[in-house]
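K.L.:
Structure here, sequence nowhere to be found:
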């Protein structure tokens, strides 16, 4: 089972040196990797970015910055729609709750984590022991280094690595173009190519109120990539499922994805309706709406992929092959691998029986509300702090408390009316899934209709004010016990059932799956060594590929688009939203060289979470920024193909041309090009 | 259980004379009723309308005419968006497939239908016998009168009435305003009030190429209604479920509605995505999209209503009351009534086990395609014609063949690409509901992905051409057997399973439910007489109510809106779609008297299907046209309330003002006002 062609989201400490040497005659040096690691940035809210100047200047996608742009907007100042430019440092705007992580070090702690679980342990014992060990390692690391420390599960349980991150929480907005060009084509063109998006946004990291000195940053290539070039993408792909067994994929196809699709479509319909009430509502709902529409489209692509008999046949064939390999292994390792595959199949039945209640109650799909989520976390935080770190629910471990509180106390505005709408819809969704007479639903509704219950929760809570949250967090158990806040009471009402579901999920599914995948991984390592990268885990990975077009619907799709193409597409669409180019572009068209490359594609292996990832050339220079995949790439959760699947990036040369000719930002350009 | 307040969609032959006399001091005369019946029109595609001149001029809603407006449009002529006016008869445009029905006579055939079913019969025998009798009655009636003849099931099986309709199939477009004012506020304001819609459209019925002489038409009231007025609505409400048992409502809540909501949201998401590709796609998808969005919103209101404990408690209390009444009845009638309630509860379990496959395969939710539906009907038509009319599936009975073929051979354009999109989405929906390995799905996909299968079906079929359909229908079994048309082969592939599901549904659910509701109805009649109207059945009904505002969110909502209000709302919404007023309105604003009543509400009992219904005053004059309910009226499927629930209508005076000042249509005005 060698990874096909340019497949792979590689760990930077297990890089594909041989492949690159053999296929591309490229020597991937440790220096190149180290530089790439320290210049690459994780956006903790779910995205990637990179340093592009020694003064902490960061580039990411507009759609990754959008959450902050929205939070910094108000009825008088719509930064999301209209863009922003800080001409000098003092004008840069501090984001209310952005956390960035830069990976400093990775330590393999597999042996220590595995050693904490003895063969004689029951699943609950094993789960608790493993969790305690992981929390302990993280706490030790935090105390020793002061760095954010996360133990990451790789290969679904085959390895455990400790990731140490430098953390930035003072992040300021430097420049954003208009939504009309950043998200040109909107949800319509999302996951499509050709594209014409200036999907970029500049931030700057600060420490102690001064710009960060970033010794590692990517040099901006003014020329950018050309057709056939080898390129690299460093970033934080969120989740893939390529190493999962066939039975698990069938479960995704028949249970998980239909459920999630139903939820996304519901929320999308409700938010569309809400945002159509008027411009103010549109601004408030925009972020959620795009997120739901984007996920719905991505999941639809995944789902249609799993309905394709060719893909499922290939998956089954590869599993048969894997099992044959296991059988040929001498010793218990192969037998355990085969048994693990069988065990995972059996676990899917268990999973099917609790997945919906778990998703609804514990994951919170039944509430769909930021305030309910905050209330639940405050209630749990207080309860968990009574226990030692090692025994707490994982997100309340000592090493995570700072990041957690940073999010809980975010001063970003929350719309009460939007919360209300989402709660009504989500309670309805719970009923649709469990039935109107389900005891959990009746308990939650407390004798009221979803709409009346939502009214009561919103009207009776002060948590919309971060100061009220802080008072409850600081006040501890006493403050919580005394609180009559409707959201807090609600969180306490459901916490018992939610915890019970979580416990079942962790002990009946998560732990046995982890052990099983551990067995499978060990057998695979015995056969293939470490030549197969693990599934994506929202940690730093390296992908590589070739800048290349493809054929679709009987036509050649070229590797790049141009500015002229953007204007042509806008005209064909009669300049209507989401194809309405900003006035700056319409007025400034003549200033632009219309043949300049705008967006381009390559075969590098990316997935959601890679948004904002730098695209690099052999010299490690910044030649573009990834922002999307085409529709053929939507099955990449399960299989990599390079026949038509491509990731899509903005061209570094195109960015320069736009900034130079249209955005009147000499200071930013000077900083990017090092002309200072 | 007296019907509350102004509740009721009354049969015109069992009218609420006593109530009107007592409460409103109004004598409802047989002449009034006869005139109203003969001037009211059913739009067979699902709506209502009325004659408003002696020359066959008809008014209905723009959204009822929209299907024809779209079919008469093309890339050069967007009648749906831009409106239309025929200055003279010769300019009126013939609609490709509109059928109108005017009710001539109603005959109670309950005794004859019931007599055909003997107590010793099994359900299959009973179903077949009843169907044969109904088809026989219809055939006799058609042969005797030449009129369209339908036996309608009332009280869910408590009574059977034969409806005889005069049919019009040459219907021509006379005038339509722009979509921007007809559907001002779009799906955003749908089911809301205050509203500002000129939701009207004029057609004319022709026979033998000449305008129909209509001795019965509604005189247009130039003044229209005022606050507090008693008004009537005659029209064709589609479906209500007020007489259904508590168990049946729970089944709707927990099975039927969640399933339907999931489907509607899916189709809405897919069609939104398609229509955003560009103006041409928007035009093609517009009708479907609005229909799905409208249904989704209506069903959401129904569903939220059934999640309201107060409504369910009231429903249960009323059933307990009903059963108490049954128990007090002497003789077997009461006992049978009670047993029937129990039997219906038991039937819901059976229903739950086949409802999804039945909906997907037999009703066609798994295909969502007009072409597949046409192919299936052609295949069945040919097979059914081999049997005597009485033994055929009901829609293929002799008396229905003319209407059926009229629809099958419609020359209205069908978009192949939209069909493809809908098939892919619908096959996916089937998989989501039954699982990716379900034998029916595998059979339908025939080893391909949904997308590849859809491509194959579309590319391999000529049914998009009505001539190809005609050849197959005329060619009979021989032509069908020889056909290699992909859609026809597909229809044949699934017909066996679909028929089997239909048979189970008819014999295991429909027939026993019908018998049970028959028992319940007989017991109710014994207690209350014929004082309770039956649930809606898309047949002519009379509703009445009072023109009156209501309170919502702590504010008084007045009974009417004005033109000034429309302009104010457009301005608040920055004249953005769907609040962009047509140029004619913006330019002509000064010509209008801004205080003119535009839309208004009353307490009359309406539901979907009533769209386009005339609103009449005591004198039987046309004072408005119903086009919507407010959101509080969405639970009217299950309960009538008049606290906040209102139907919404365009004011006859407002229509005149707009036509006079903005639409430059003196001929139409003269005809409406009889000044000729």
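P.N.:
That came in fine, so what should we check first? Not measured: the values here are computed from a predicted model.
K.L.:
quick one: the strands in the stretch 501-650 of chain A?
P.N.:
For the stretch 501-650 of chain A, the strands defined by DSSP state E, counting those that start in this stretch cover A:541-546, A:550-552, A:555-557, A:560-562, A:597-602, A:614-616, A:622-629, A:647-651.
K.L.:
scratch that, the stretch 201-350 of chain A
P.N.:
Going by DSSP E, counting those that start in this stretch, the stretch 201-350 of chain A shows strands at A:201-207, A:210-211, A:230-235.
K.L.:
so which of those is the most packed in?
P.N.:
Across the strands of the stretch 201-350 of chain A, the average number of neighbours (mean count of other C-beta atoms under 10 Å in any protein chain shown) peaks for strand A:230-235, which reaches a mean of 26. All C-beta spots, glycine's among them, are computed from the backbone N, C-alpha and C.
K.L.:
Show the secondary-structure elements that it is packed against.
P.N.:
Here strand A:230-235 touches helix A:30-39, strand A:47-51, strand A:541-546, strand A:614-616, strand A:622-629, going by 3 or more C-beta pairs under 8 Å, 6 or more residues apart in numbering or on different chains; DSSP states H and E.
K.L.:
average pLDDT for stretch A:480-498?
P.N.:
What stretch A:480-498 shows for mean pLDDT is 97.
K.L.:
buried ones in it?
P.N.:
A:480, A:483, A:485-492, A:494-495, A:497-498 (16 or more other C-beta atoms under 10 Å in any protein chain shown).
K.L.:
so residue A:540 touches residue A:39, yeah?
P.N.:
No: using C-beta atoms under 8 Å, residue A:540 is not in contact with residue A:39; the gap is 11.0 Å.
K.L.:
With neighbour numbers in mind, choose between those two.
P.N.:
Neighbour count, other C-beta atoms under 10 Å in any protein chain shown: between residue A:540 and residue A:39, residue A:540 has more, with 27 against 24.
K.L.:
Quick one, grab the pLDDT at that one.
P.N.:
On the pLDDT scale, residue A:540 gets 98.
K.L.:
who touches it in this structure?
P.N.:
A:12, A:37, A:40, A:42, A:103, A:234-236 (C-beta atoms under 8 Å, 6 or more residues apart in numbering or on different chains).
K.L.:
farthest pair in the residues you listed?
P.N.:
Farthest pair in those (C-beta to C-beta) is A:12 and A:42. Separation: 12.8 Å.
K.L.:
Tell me the residues that contact both of these two, please.
P.N.:
A:103, A:540.
K.L.:
These two: who's more crowded?
P.N.:
With neighbours defined as other C-beta under 10 Å, residue A:12 and residue A:42 compare such that residue A:42 has more, 24 against 19.
K.L.:
mind checking how far the more buried one is from residue A:101?
P.N.:
The spacing between residue A:42 and residue A:101, counted by C-beta to C-beta, to the nearest Å, is 4 Å.
K.L.:
Now the common contact residues for those two.
P.N.:
Joint contacts of residue A:42 and residue A:101 (C-beta under 8 Å, 6+ apart) are residue A:165.
K.L.:
residues near the closest residue to residue A:261 other than its chain neighbours, how many?
P.N.:
Counting by C-beta to C-beta, 6 or more residues apart in numbering or on different chains, residue A:299 is the residue found nearest to residue A:261 once chain neighbours are left out, at 5.4 Å. Residues lying near residue A:299 (other C-beta under 10 Å) number 21.
K.L.:
and residue A:299, what pLDDT?
P.N.:
With respect to pLDDT, residue A:299 scores 96.
K.L.:
Surely it and residue A:256 touch.
P.N.:
No: taking C-beta under 8 Å as the definition, residue A:299 is not a contact partner of residue A:256, at 9.5 Å.
K.L.:
ok so, going back, ranking the strands of the stretch 501-650 of chain A by burial, who's on top?
P.N.:
strand A:614-616 (a mean of 30).
K.L.:
for it, packing partners?
P.N.:
By 3+ C-beta pairs under 8 Å, 6+ apart, strand A:614-616 packs against strand A:47-51, strand A:230-235, strand A:622-629.
K.L.:
So what are the sheet partners of the first one and their directions?
P.N.:
By that I understand strand A:47-51. strand A:40-43 (antiparallel), strand A:57-60 (antiparallel) (DSSP bridges).
K.L.:
For residue B:248, find the nearest of these.
P.N.:
Comparing the strands paired with strand A:47-51 by C-beta to C-beta, strand A:40-43 comes nearest, at 51.4 Å.
K.L.:
Domains in chain A, by residue range?
P.N.:
A:31-99+A:169-237+A:546-627+A:653-673, A:104-167, A:255-296+A:349-514 (automatic domain parsing).
K.L.:
so what's the backbone phi/psi at residue A:100?
P.N.:
With angles defined as degrees, to the nearest 10, residue A:100 sits at phi -110, psi 150.
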